[in-house]
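**Q** coords below, sequence missing:
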């Protein structure tokens, strides 16, 4: 049917909700008792969003509580599906939007839009999957990373210097564990200044990057949104000279503290600013880097001129020692009131940051993506913390500063479903968890899920327990679980590239593949991966088995580090046992997949043509390219 | 063996951890890889506490995050169990204690005690269950509530007056739903002043209480820890006249704001103060009340003379609208620094509140319990928010201001296991969740767990969705799930009273009943209830089935609102289907239970002698008494 349309604003029953916020408007929709609600991308809570309230307002808050209303990105697309309802709604507004699903108003969807700058699209199709496909066509194909970005990456806030990076790479090599890239967190920079390198820690970065590439390892540096106030620094000087930074209501450059201390914020909403900032990546591409992550672009603000200063120590302690016990005294980071003094110039008009807040990170992604496209003659890797629908065309995202808990592992699976609905098919979580201490069991179970997510990165915070796959004693179990990733890449890469070319999902809720199956609609801990695979990972502490629901006969595949054992299983519910060193997944009836014929240590060694087929005896249509050349 | 002993302080390897806190001392213990850790009563996280850090420091914080280190009570008893370790440790200290289990120090138990006032007990037995039993003998038998306290109670912050209470009771009656008591939250008081009644809202409370009792319904008022600064009020005047309140370092009465505005805090550590405050309940027992709940006794402080005032509105909004979006600007409630100015007189010596913080709520429980014992010639009901081991002798506890999420439902089950290990066998959570909006599905699933918890109360916060069992349309499903409680009371009451008399647990982890069963050790979502029952409730949104592990053959009992269907199930893992209106539980092999022969509307109608047996064909040893007369 392909029936999306902008709702005529007059057709919506608006109501004034707040006498002080005269521009706020809400609309409601009566739900049937059996309606479920999917979508909203990066939000906490279940796959079915019903019963909860969410606020699209990009926020850097690492305490991912089950009832937290906002996260790092805003993805304002949701679907209502039930016996009589099958429609999707995209609320395209750059300001704060509240989505309350049978929560603030009982039995109703209630959407509150705080800005008059809004377009609302509705999509009506036969089922949730069709609605999503129409939406994905509408927003356009996702970013295509290079093949090496489908390898496994290791990261940690706190790898200080060349020696630390080498130690990590050696750790993986000595343990015979595969690895494709290592991320450089803020530690590599000179005093946290964007586009600089700390020369003491990395005396000759260009040769180091080259040397590592020759070993099959890419280095992936971080870039933050805020530019340090530092006369003499090229980015700062150019930003000031050409008026690229945001200003406050008095016309002065807006100033707030992030990692480097006081920073200015590039006004990414202007085309010339994006072109300039994107071009600044040349400082890094000239050193040989081909992959990047953008951070702190909600934008995160530790404190500002309008909010009380929090000590750096306090902030850090609060972050990774939530068990300190003391109540933080007036923590001020990301103070809402800071944004009141933060102005953009959009189309020549001064616009308060509040009114466009949710687009800031997305505009930074656009700046980076367009810049890197110009600077490199090949595909780049880019993933961002903050995002908005549309930015999926420029890069992927990771789901922010999660923690080492089984709770966040389960959230990772749910995020993959809802993010894929919003175009962010290149995505993944910090495997093993960023904050807190990870256990061997948690990391093994998490890897068994991340084996299937396009972005597969182990990342942890400074001062937490070492979380590399070789850091838990005998790496044998890790070798088994991680080696599956490299066996799967031919399938993962092929399905990912087909999904993006066809504006389709790469991972999706079980119910999307089995519309009409009432049981599948209630499954929140299984996913379909590409056309042929269903996963049902173990995501509970201590568990060595779990319940799996098979909507139809499937082939159960058990990987133990060497071979694949296959067994046809009838439709229905069953208990499957999965020891820590094994991974079990399913191939859908009359589907086949391809896996690498042999294990490799990085994607450079991988031959996408040397594959074997698993599953049913049917052909598999493999997407193949060089994994380097940019695609349309 | 019964081998508990005070560890000689010289035997512990102490280390100084903080130059400013010279009295802090820590000790460590090396864990084996397979050791699990049970205990710590009211703490977030799994049944196995390994991998996490907890801080005993009683805290009123309603955002129950998965990684929150402190809750309302401190229960410093934990057990290490593995192939070679089987011991329990009780760290008896009234000040802050940090328990880090394979977290801050990898592979080690690390306990940090901040006060020199500490006794450490170790218990060595063959297994975790035996260790717990020895510990429970050491701390003495739990409080015995009256029989009616095992009925179902309805509660809500916001039942303003007689009419509201009558409407609730009528709601239950008209829907043919059983009910034993209704709680009166702070709304019943005159301006939140302890031991007063708002005469406009409840013109003749004594006759109202009497009238409801005649209908089979008890009313249960709340009592807060802080006493309003209100010259003319009897409690305030007596407290000032006889010097019963805590003072600050300048010798003035310590003052901080709670519900009534500025309050003073009774110095419950002094015997004469406890006797006085316990006696003040006479104002309420004279009105006919026989049950009470103690609240805000961590003690909670909204703001004080030493911390910035937070507006009442902000506080309330922050509480039940976490989705407001704005970051709270320097929330100050329960500011750690307030306690620095809060002094007790213990044994004639001035003691800073910090040093005895965790005992404050427990001492209030002792005051109330001892007072009520004097005032009433029958058993009283008492449950408290704050607690410490030892206070279980005076009352039960509820697990504080939880929220309407499946996440907190799962936590409820885990809490029941760890609280039972610490003597708090009369306990339960706010069924349906206190904060946030509850759905029909969540309330039904929660009731199916609470059917088995001694304290079974539906409680919700003002301005959240109505959460009474009749508030979700057709009450038929609720009637089915709730009626099971009244069928079960003969068993629940009998097992509870036997457990307390024998210093045993009423609910316990599966592994405690099956020592040596490696699979049972990994089960975190099933419990044993009394000697004969195992429960495995559905605690996942949308789920209509779950995996259950049977360590041995058991009798599966399915209750559909009328009869019980029984079926012998073999040992092993199985998938069990449980529709929303049914409850499934298990009777252990060669055990029997008794259930009421017929359904009733309240415990007054219940005949404990008119029972039928379920389960295996073996005798059941039923504990019987009048449910009123105090027991030793």
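**A** That came in fine, so what should we check first? No experiment lies behind these values; they were computed from the predicted model shown.

**Q** Got the phi and psi for residue A:62?
**A** Backbone torsions for residue A:62, taken as degrees, to the nearest 10, come to phi -80, psi -10.

**Q** now residue A:124
**A** According to degrees, to the nearest 10, residue A:124 has phi -120, psi 120.

**Q** Looking at it now. What's its pLDDT?
**A** Reading off the confidence values, residue A:124 has pLDDT 94.

**Q** Correct me if wrong: residue A:218 contacts residue A:148.
**A** Yes. Here residue A:218 reaches residue A:148: they are 5.8 Å apart, a contact under Cβ atoms under 8 Å. All C-beta atoms are positioned from the backbone trio N, CA, C, and that covers glycine.

**Q** Quick one: mean pLDDT for stretch A:516-526?
**A** 94.

**Q** That one close to chain B?
**A** Yes. For stretch A:516-526, a contact with chain B is found by Cβ under 8 Å from any Cβ of the partner chain, at A:519, A:521-525.

**Q** Could you tell me which residues within the longest helix that chain A contains count as buried?
**A** Identified as the longest helix of chain A according to DSSP state H is helix A:476-501. Judged by neighbour count (16 or more other Cβ atoms under 10 Å in any protein chain shown), helix A:476-501 contains these buried residues: A:477-500.

**Q** next SSE after that helix?
**A** Later in the chain than helix A:476-501, the nearest helix or strand by DSSP states H and E is strand A:507-509.

**Q** Contacts for that next one, please.
**A** A:38, A:47, A:128-129, A:132, A:416-417, A:420-421, A:425, A:452-453, A:523, A:527-529 (Cβ atoms under 8 Å, 6 or more residues apart in numbering or on different chains).

**Q** now with 7 Å?
**A** A:38, A:47, A:416-417, A:420, A:527-529 (Cβ atoms under 7 Å, 6 or more residues apart in numbering or on different chains).

**Q** Now cross-check the residues you listed against chain B and list the overlap.
**A** Among the contacts of strand A:507-509, no residue lies close to chain B (Cβ under 7 Å from any Cβ of the partner chain).

**Q** Select only the buried ones of those in ChimeraX?
**A** A single ChimeraX command selects the buried members of the contacts of strand A:507-509 (16+ other Cβ under 10 Å):
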select /A:38,47,416,417,420,527,528,529
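
**Q** Relative to chain B, which of the contacts of strand A:507-509 is nearest.
**A** Using Cβ to the nearest Cβ, residue A:47 comes nearest to chain B of these, at 8.2 Å.

**Q** Sticking with the residue nearest to the closest one when sequence neighbours are not counted, tell me its helix or strand.
**A** Nearest residue to residue A:47, sequence neighbours excluded (Cβ to Cβ, 6 or more residues apart in numbering or on different chains): residue A:524, at 4.5 Å. Using DSSP H and E, residue A:524 falls within no helix or strand.

**Q** contacting residues around residue A:524?
**A** A:46-47, A:414, B:541-542.

**Q** What is the most widely separated pair among those residues?
**A** Spatial extent of the contacts of residue A:524 (Cβ to Cβ) is set by the pair A:414 and B:542 at 11.9 Å.

**Q** Could you check how far the longest helix of chain A is from the centre of its chain?
**A** Taking the mean of its C-alpha atoms, helix A:476-501 sits 18 Å from the chain's own mean (Cα atoms, centre = their mean, to the nearest Å).
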